[in-house]
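Participant: Fold the following.
(2 chains)
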Amino acid sequence: MNSAHDLGGQMAFGPVIPEPNEPVFHGDWEKRVLAINVAAGAMGAWTIDEIRHARESLPPAQYLSSTYYEIWLAALDKVLVKHGFLSPDELATGQPSAQRREPKRVLKGEEVAGVLRRGFPYEREAKAPARFAAGDKVRTIVMHPQHHTRLPRYARGKEGVVERVTGCHVFPDTGAQGQPEAAQWLYTVVFDGRELWGRDGDPSSTVSIEAWESYLEPA
Amino acid sequence: MGGHHHDHDHDNHFTAIEARVKALETLMVEKGYVDPAALDAIIDTYETKIGPRDGARVVARAWTDPAFAARLKADGTAAVAELGYGGRGGEHIVACFNTPEEHNLIVCTLCSCYPWPVLGLPPVWYKSPPYRAKAVIDPRGTIADFGVTLPENQRIRVWDSTAETRFMVIPMRPAGTEGWSEEKLASIVSRDSMIGTGLPRVEDAA
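Facilitator: As a prediction, the model looks like this:
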């Protein structure tokens, strides 16, 4: 989806302003949002890509004027309602109703360390050989889907070189739409600055993206 | 807030966002969707247990142990696991070694992907539009925003974290650190030097 989240190459945001000695959290509520986000995700009702889509489909003006934890909170509200865990009325009033959806699982305090340490690996067994190999010239496809994708706009229709075959990884574009999990070969593809940005590109820089196989065609 | 008159008793001092989060947490707990002990354990993990000191240990080990550096280059996930690191938000780790010819910079233009198990949670600037917009089109200018000037003949390689692969930069070991212990070396490896917006500085040694 071509929304405000797809920021690569946009302008007028001004310089990057780092905060000296930045704390891990700016306020207690940020900690709670992080924790609720992780624990709610562990219920297993949505994928990482579905909640990413919930964040990036916020209205652009809201997205750009929110802090990242505010974006997380807004997306969390959306997926919790969409999956029937909470109603808009409950979120508005803070009062629980009798209606409840049984989660597949609830992450227990004593399980946290193990679950975070194991993580959720995204590599899957390949059902077919990789189409491309390191050194192959490829061109990214041009598409403008309404749904979630991880091919950024600045890297569409561009010629690059496969640097590395990463593995066969869960494909976000369909997973974010609630379709059954699918996996595709994933590649590190490197582009010259001039290929991406034309005469305004930095010829002494290159940019790589991680590109799933269906994002690529032979060049 | 406009039109808010202080002619009534407040029963709390929450801001609007604090009140929203508190309401959500209460709902989630009361409905049995989250375990309060899990929330506390998650916060404790990212506030006190996991952070850039972990990544700095990885870098210091790579500087002092060429065999480890080779393993780190070949399979970042397996190599950082040797030091006990890995998991959520960094299931697939790639280590990007700086060289005199090429400097590495990591970004996530589409969201906020960051190697949590080795660097902890990302700073606000990493997740914010200025950095996400500029890093891929003007990497040299982006690094200059941090007060760092790279040699003109050093190329810059930007890694956009568009998948679940997570990148960490392995900076070059500065001159003047010969004979230092791994611990002392780790003390000069800043978070920013592992993102690519900084460089290790001898004068930062603990």
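
Participant: A:Gln184 sits in which helix or strand?
Facilitator: Assigned by DSSP states H and E, A:Gln184 belongs to strand A:183-192.

Participant: and that strand, what does it pack onto?
Facilitator: strand A:137-140, strand A:159-170, strand A:205-212 (3 or more CB pairs under 8 Å, 6 or more residues apart in numbering or on different chains; DSSP states H and E). Backbone N, C-alpha and C define where each C-beta goes, glycine included.

Participant: residues touching residue 68, list them.
Facilitator: Defaulting to chain A. By CB atoms under 8 Å, 6 or more residues apart in numbering or on different chains, the contact set of A:Tyr68 is B:112, B:124, B:127-128.

Participant: I was after chain B.
Facilitator: B:61-62, B:79, B:82.

Participant: overlap between those and the residues near chain A?
Facilitator: Filtering the contacts of B:Phe68 for proximity to chain A by CB under 8 Å from any CB of the partner chain leaves nothing.

Participant: Next, name the residue at the spatial heart of chain B.
Facilitator: B:Leu119 (3.9 Å; CA atoms, centre = their mean).

Participant: Just want the angle from the strand holding A:Gln184 to strand A:159-170.
Facilitator: If you take axes from the mean of the first three to the mean of the last three CA atoms, to 10 degrees, strand A:183-192 sits at 150 degrees to strand A:159-170.

Participant: and strand A:183-192, which strands flank it?
Facilitator: Sheet pairing of strand A:183-192 (DSSP bridges) gives strand A:159-170 (antiparallel), strand A:205-212 (antiparallel).

Participant: and among those strands, the most buried is which?
Facilitator: Neighbour counts (mean count of other CB atoms under 10 Å in any protein chain shown) averaged over each of the strands paired with strand A:183-192 peak at strand A:205-212, with a mean of 26.

Participant: Spatially nearest residue to the closest residue to chain B within chain A, not counting backbone neighbours?
Facilitator: Nearest residue of chain A to chain B (CB to the nearest CB) works out as A:Gly109 at 2.7 Å. Excluding the flanking residues, the one nearest A:Gly109 by CB to CB, 6 or more residues apart in numbering or on different chains is B:Ala37, at 2.7 Å.

Participant: correct me, but that neighbour touches A:Glu110?
Facilitator: Yes: the criterion here is CB atoms under 8 Å, and B:Ala37 meets it with A:Glu110 at 7.5 Å.

Participant: Mind checking which of the two has more residues around it?
Facilitator: Using other CB atoms under 10 Å in any protein chain shown, the more surrounded residue of B:Ala37 and A:Glu110 is B:Ala37, with 14 against 11.

Participant: got the contact list for that one?
Facilitator: So B:Ala37 contacts A:108-110 (CB under 8 Å, 6+ apart).

Participant: Same check on A:Pro59?
Facilitator: Counting by CB under 8 Å, 6+ apart, A:Pro59 has no contacts.

Participant: The same query, at a cut-off of 10 Å, please.
Facilitator: A:Pro59 makes contact with A:3-4, A:65, A:74, according to CB atoms under 10 Å, 6 or more residues apart in numbering or on different chains.

Participant: same thing with A:Ala74?
Facilitator: Neighbouring residues of A:Ala74 by CB under 10 Å, 6+ apart: A:54-55, A:58-59, A:62-63, A:66, B:20.
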